[in-house]
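Peer 1: Here is a sequence together with a model predicted from it:
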Amino acid sequence: MKILHTADWHLGKSIGPIPRHPEQLEVLEEICSIAEREHVDAVLIAGDMFDTFNPPVESVELFYRTVKRLADGGKRPVVAIAGNHDSPERIEAPDPLAKECGVILAGFPNTKISPFALQDGIKVVRSDNGFIEIMIPGCTVPLRILLTAFANEKRMKTYLGIEDAEGSLRQLLQMNWKETGDKYMDDKGVNILMAHLFVASSGAEVTAEPDDEKPILDIGGAQAVYLENLPEHVQYVALGHLHRTIKMKHGSAPVNYSGSPLSYSLHEAEQAKCVMIVDAEPGKPVSVSEIPLTKGKTVTRQTFTDIDTAVEWLMANQNSLVELTMQSDTYLTAEERKRLVQSHNGIIDIIPVVRTLDGKDDEQVSSVDLGKSVEEIFVDFFLHEKGQQPNDEMMSLLREVIGTEEGQ
Ligand SMILES: [Mn+2]
């Protein structure tokens with residue numbers, strides 16, 4: 001049985017002013033092609049399909065179009081859980097319709113998918129809170145999946161039905177996985193855990209993640225789930241949440257973050273992106289291969305000391321998204337800013353750093369001369385923000401505002 005594991009699509013996400021939808025279209029097309037070329041039997045999406053609770057229509061359409069294509073007319077199960085960026089209610093809402101296509105959507109850690117069978121397609125033969133067992137056309141053994149969608153600690157305890165239980169969340173999850181695993185998982189099927197969680201080895205220092213992908217069980221990271229909390233029953237753990245590819249092990253079972261299909265922040269600069277293909281047979285260790293994704297733009301930081309070199313670099317690297325730092329002895333002129341912006345359409349930000357006379361670099365903003373008049377400071381500020389001189393209309397508006405303020 002061949003399983004494709006992906007996560008953290010973050011549909012609808014932008015970086016700076018640049019929307020990533022065009023790249024998301026391309027990379028999801030690439031993921032579909034890989035699923036078809038590799039003849040995978042099932043697809044797992046480990047959360048954060050969307051970037052926000054209320055994603056744009058184009059992202060919602062892209063999601064449904066993609067999972068429908070992946071599901072191959074109901075012959076290939078596509079199973080997705082909600083991440084911390086997804087609205088659990090919203091993820092589950094189309095479930096009755098999605099099931100008809102072979103798409104299974106679990107919004108909550110205790111979601112129970114009722115058994116169903118599609119004609120000439122997949123059959124969900126057993127299910128429980130946070131668990132399904134699927135028969136797939138062409139496979140002689142069932143696929144069993146423990147499904148742990150994201151929930152914060154308090155809600156997770158409620159969903160697991162152990163609100164009053166003593167003990168840390170990691171111990172409670174461990175108990176819950178073990179119980180469900182004992183009940184449904186033996187070596188006559190392929191057994192997987194899919195979760196949107198922060199998992200680390202207990203000895204390892206919990207490293208802070210960039211942006212909003214911090215350890216999600218507990219701010220401060222004290223509440224990571226440790227490898228030893230994972231159930232013994234499963235042959236593979238498909239994780240979502242962290243955007244870089246991470247490969248760990250629990251016994252003989254790989255515990256992998258597939259990572260996101262695109263680099264979504266400057267912290268992911270130069271990261272290679274991939275999907276995981278898991279080759280599994282009952283009762284045996286799985287083999288896993290990473291298939292690189294090639295469609296997204298690279299995200300990078302570049303520093304230049306003169307405009308010509310910067311423009312040259314920008315012209316030669318059109319397929320990057322770049323945060324530019326411009327070091328110089330003077331302010332960037334409107335003309336210079338214009339040259340930079342016109343030579344590239346993937347500039348995330350331009351950070352001007354002015355070298356002061358004492359040799360220290362300083363951000364331009366901090367060198368505002370407060371001895372100047374309000375009007376002069378406004379012109380400097382406008383130039384810095386907009387890259388051009390304010391026009392007469394703007395200046396008279398400013399004078400009007402200042403006048404009004406003084407009059408009160
Ligand atoms: Mn996440």
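Peer 2: Cool, got the structure.

Peer 1: Tell me, domain by domain, which residues of this protein belong where.
Peer 2: 2-293, 298-407 (automatic domain parsing).

Peer 1: how distant is the shortest one from the center of its chain?
Peer 2: For domain 298-407, the gap between its own C-alpha mean and the chain's C-alpha mean amounts to 31 Å (CA atoms, centre = their mean, to the nearest Å).

Peer 1: Of the domains of the chain, which stretch is the most buried?
Peer 2: domain 2-293 (a mean of 19; mean count of other CB atoms under 10 Å). In short, each C-beta sits where N, CA and C put it, glycine included.

Peer 1: Quick one: end-to-end distance for that domain.
Peer 2: 18 Å (CA to CA, to the nearest Å).

Peer 1: near the ion at all, that domain?
Peer 2: Yes - residues of domain 2-293 contacting the ion under CB under 5 Å from the ion: 48, 83-84, 241.

Peer 1: What residues does the residue of the stretch 101-250 of the chain found nearest the ion make contact with?
Peer 2: Closest contact between the stretch 101-250 of the chain and the ion, by CB to the ion, is at residue 241 (4.0 Å). Applying CB atoms under 8 Å, 6 or more residues apart in numbering to residue 241 gives the contacts 7-8, 46-48, 83-84, 150, 196-198, 213, 216, 257.

Peer 1: Can you tell me the SS state at the closest residue to residue 346 other than its chain neighbours?
Peer 2: Nearest residue to residue 346 in three dimensions, chain neighbours excluded: residue 321, at 4.3 Å (CB to CB, 6 or more residues apart in numbering). On the three-state scheme (DSSP: H, G, I helix; E, B strand; the rest coil), residue 321 is labelled strand.

Peer 1: repeat for residue 281
Peer 2: Per three-state DSSP, residue 281 ends up coil.

Peer 1: Could you report the distance from it to the ion?
Peer 2: 31 Å (CB to the ion, to the nearest Å).

Peer 1: just checking, that residue touches residue 3?
Peer 2: No - contact criterion CB atoms under 8 Å: residue 281 and residue 3 do not qualify, at 11.6 Å.

Peer 1: who touches both of the two?
Peer 2: Joint contacts of residue 281 and residue 3 (CB under 8 Å, 6+ apart) are residue 190.

Peer 1: sorry, back to before: return the subset of the contacts of residue 241 lying in helices.
Peer 2: Among these, no residue falls in helices (DSSP state H).

Peer 1: now those in JSON lines, with pLDDT and distance to residue 233?
Peer 2: Converted to JSON lines, the contacts of residue 241 look like this (pLDDT from 0 to 100; distance: CB to CB, whole Å):
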{"residue": "7", "pLDDT": "97", "distance to residue 233": "21"}
{"residue": "8", "pLDDT": "97", "distance to residue 233": "25"}
{"residue": "46", "pLDDT": "97", "distance to residue 233": "18"}
{"residue": "47", "pLDDT": "95", "distance to residue 233": "21"}
{"residue": "48", "pLDDT": "95", "distance to residue 233": "25"}
{"residue": "83", "pLDDT": "94", "distance to residue 233": "23"}
{"residue": "84", "pLDDT": "93", "distance to residue 233": "26"}
{"residue": "150", "pLDDT": "93", "distance to residue 233": "22"}
{"residue": "196", "pLDDT": "95", "distance to residue 233": "19"}
{"residue": "197", "pLDDT": "92", "distance to residue 233": "17"}
{"residue": "198", "pLDDT": "91", "distance to residue 233": "21"}
{"residue": "213", "pLDDT": "54", "distance to residue 233": "28"}
{"residue": "216", "pLDDT": "48", "distance to residue 233": "24"}
{"residue": "257", "pLDDT": "96", "distance to residue 233": "20"}
